[in-house]
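K.L.:
need a structure here:
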Amino acid sequence: MLGRLAKWLRVIGQDVIYGAHLSGYGLIHAARKDNRLILTRDRGLKKKQPSELIFIESNDYREQLRQVVQACRLQPLGRLFSRCLDCNSQLQPRAKDSVKEIVPPYVFSTQNTFHWCPQCQRIYWPATHYERMVEELKKFGLT
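P.N.:
From the prediction side, this is the model:
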């Protein structure tokens, strides 16, 4: 239900766990164990006495992101693109020469900065998708 919000929170560098395995009491248990804030659209979850919780008002991910940024006083550009969008791990710098055989030749010839996820091995570089996402954040009114 909040997958797009989770992705955008990771874009701005927030540590977010998300998945179908996190629901009901399992979600509450995981939040307590890791001292996490719960973001939910499930009105019934409030009745289960969770720890810290923010009820997400909107169905629109842009409004959801704006709500969380404001409620948690986040700085959206502070740690931009520092987490893997797939698995949430902290990205690590990677030398350009080390990705030559991994990334497409055009990417290798046009990009100088690379990061990789030590968990899922995904490689990231700041190309047009980076610029588009920054533009999206500006459209959301978060920059």
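K.L.:
from the chain's centre, how far out does the helix or strand of the chain with the lowest mean pLDDT sit?
P.N.:
Counting by mean pLDDT, DSSP states H and E, the weakest-scoring helix or strand in the chain turns out to be helix 24-34, with a mean of 81. Put simply, helix 24-34 sits 19 Å off its chain's centre (C-alpha atoms, centre = their mean, to the nearest Å).
K.L.:
and the closest residue to residue 89 other than its chain neighbours, how many neighbours does it have?
P.N.:
Leaving out its chain neighbours, the residue that sits closest to residue 89 by C-beta to C-beta, 6 or more residues apart in numbering is residue 119, at 4.0 Å. (Glycine included, C-beta is placed from N, CA and C.) Using other C-beta atoms under 10 Å, residue 119 has 13 neighbouring residues.
K.L.:
kindly report the same for the one 5 residues further on.
P.N.:
With neighbours defined by other C-beta under 10 Å, the count for residue 124 comes to 20.
K.L.:
same question, the one 10 residues further on
P.N.:
Other residues lying near residue 134 total 17 when counted by other C-beta under 10 Å.
K.L.:
quickly find the element holding it.
P.N.:
Residue 134 is part of helix 128-140, with elements assigned from DSSP states H and E.
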